[in-house]
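1. Can you look at this prediction? I've put the sequence above it.
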Amino acid sequence: MRGTVPANALAPLARWLGREAALDVVHGEVRRAAQSLATVAEYGMCLITCADEFQGELRASFDRDVAAPLMSSLTLQQRRIFSISNLGGRVEPGSLELANDHFTVRTAKSGAKTLVVEIAAHVGKVVDGHDAVFGTLDRFGVRSPCCGALTLLLEKPRSADTVRYPWFEQLSAFFGADRLATLRADTGPLRLVRTAVVHTVLQVETAIVDLLRDPPRSPTHVLIVALVVVNQRGPDTALLVGAHHLHFDGKAVAIVDGTSLRARPDALVPELESGRLRVGSTALAGDGGQHDAELSGRAGVARRAAALGPAERALRLGSSAPELVAEAERVRGLARVLAVRSIDLETYARPILRSTLQRAARTHPEFAAAVLLLTANRGAPRANELRACFARPLNEADAQRMFQRFERELFELDVLVARAVLGFLFDA
């Protein structure tokens, strides 16, 4: 992988990490980054953002400044962006596989393509006198929360206890109890900025999981760009939250490069600098809601596994299955490329673990469910229910249901724990 792309392909774009800038400036850097990854036969475009009407400027800018210059010779008029709009701007499982398939035309036979995926949350901004107020905007003359979905996430919809809100349930699980508690306790003026940054970073993880679980079958470079758009009077601006380059050659999978802000609200330091946002990250250990000291190292994970009873047997038998041996080699291959690029495995440990378990659950759901038990805090509802399931004969269908029910809670897993679990299970 070292010779396939310039070593600093993302460097010009990465310089904007955590810095608010004009949309056309950010999108100009995105376009140049996509062009610098590799010489390709075709491009694909995917934009994932909130359904809010105030994101129209973002959609227009992405089309004008990124999609049109790269794809104008390949497509007709507006038929060049696979667009996903929903509450908050969430990555729908399986959507990137569809987007990739739609843009695999010439490269279905030969050559490589670049798929540009932009994921954008948003936050409103109103200037009252000399003060900037984030999290609200003047919506057609009326002051309104923005992003409304993220505001409701922190305040809870009024009918959430009587009517199912799938988006609210999904985002609540993604953020996890600890992140939500931290954000709900934040009374500062930049609470919604922190919320939008965390949300976007977690959606990028979902995108990486989707790509690693069901990778493109033809040679493909994927550039994932994460933004928080600032909706305001006058032109919108954008804060770069992360950028990642993944490469798939039809057989091997590699995370080539990447930079990102943190997914922990207490690690984010937003401030205003000359009237514009600047967001940095503090050097806190880990990046999730679970801080179990026993699981922070490989030896501790091994001790916890040995005490799992029937679930330990599922771990042991599953790890010797041919399909899981192949998954272990795949994980080690990802780790080797990260090491060559001087990227710590823990940076991507959580999405690698999640994608690997999702793949493993197709053929060995008992193994995948046992890993969910292994990573659960003692006494947590997930641990109690999974332990009860393993206490009786567990068939494949039951294991799949339990895995599907609890898998999304891995978003809360601390990255140091995820790193240790990968080492224990797959010798990565």
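-> Sure, I can see it. Residues are numbered from 1 along each chain as shown.

2. got the contact list for the closest residue to R90 other than its chain neighbours?
-> The shortest distance from R90 to any non-neighbouring residue, by CB to CB, 6 or more residues apart in numbering, is to Q203 (6.2 Å). All C-beta atoms are positioned from the backbone trio N, CA, C, and that covers glycine. Each residue near Q203 by CB atoms under 8 Å, 6 or more residues apart in numbering is listed here: I48, G89, R90, V91, I119, A121, A226.

3. same thing with F168?
-> So F168 contacts L152, L153, K156, P157, A160 (CB under 8 Å, 6+ apart).

4. Restricted to helices, list the residues you listed.
-> Among those, the members falling in helices (DSSP state H) are L152, L153.

5. Select from the contacts of F168 the entry with the lowest predicted confidence.
-> Note: of the contacts of F168, the lowest pLDDT belongs to A160, at 80.

6. Look at that residue and say how many residues are nearby.
-> 13 (other CB atoms under 10 Å).

7. Could you check how far it is from A376?
-> For A160, the distance to A376 equals 25 Å [CB to CB, to the nearest Å].

8. With G28 instead?
-> For G28, the distance to A376 equals 45 Å [CB to CB].

9. again, but for V26
-> Distance of V26 to A376, given as CB to CB: 40 Å.

10. got a pLDDT number for the residue nearest to Q358 when sequence neighbours are not counted?
-> In this structure, Q358 finds its nearest non-sequential neighbour in R213, 4.9 Å apart by CB to CB, 6+ apart. R213 carries a pLDDT score of 96 in this model.

11. cool, and P12?
-> Listed pLDDT for P12 reads 94.

12. what's near enough to touch it?
-> E29, R32, A33.

13. Repeat the analysis, applying 10 Å as the threshold.
-> P12 sits next to G28, E29, R32, A33, S36 when contact means CB atoms under 10 Å, 6 or more residues apart in numbering.

14. Give me the ChimeraX select line for those residues, limited to the buried ones.
-> Selection of buried members from those for ChimeraX, criterion 16 or more other CB atoms under 10 Å:
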select :28,29,33,36
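
15. distance of the residue nearest to Q358 from F62?
-> Applying CB to CB, the value for R213 to F62 is 26 Å.

16. higher neighbour count, the two?
-> Taking other CB under 10 Å, R213 and F62 do not tie; F62 has more neighbours (28 against 19).

17. from what I can see that one touches G28, true?
-> No. Contact criterion CB atoms under 10 Å: F62 and G28 do not qualify, at 11.7 Å.

18. isn't L137 right up against V229?
-> No. If you go by CB under 10 Å, L137 and V229 don't touch, sitting 11.5 Å apart.

19. Find residues that contact each of these two.
-> Joint contacts of L137 and V229 (CB under 10 Å, 6+ apart) are D52, F54, H122, V123, G124, C147.

20. Give me the distance from the host helix or strand of T195 to the chain's centre.
-> Secondary structure assigned from DSSP states H and E places T195 in helix 191-213. Chain-centre distance of helix 191-213: 4 Å, with CA atoms, centre = their mean, to the nearest Å.

21. List the pairing partners of the helix or strand just after it within its sheet, with orientation.
-> Sequence order places strand 220-231 as the next helix or strand after helix 191-213, per DSSP H and E. Counting by DSSP bridges, the strands paired with strand 220-231 are strand 113-128 (parallel), strand 237-248 (antiparallel).

22. Cool, thanks, talk later.
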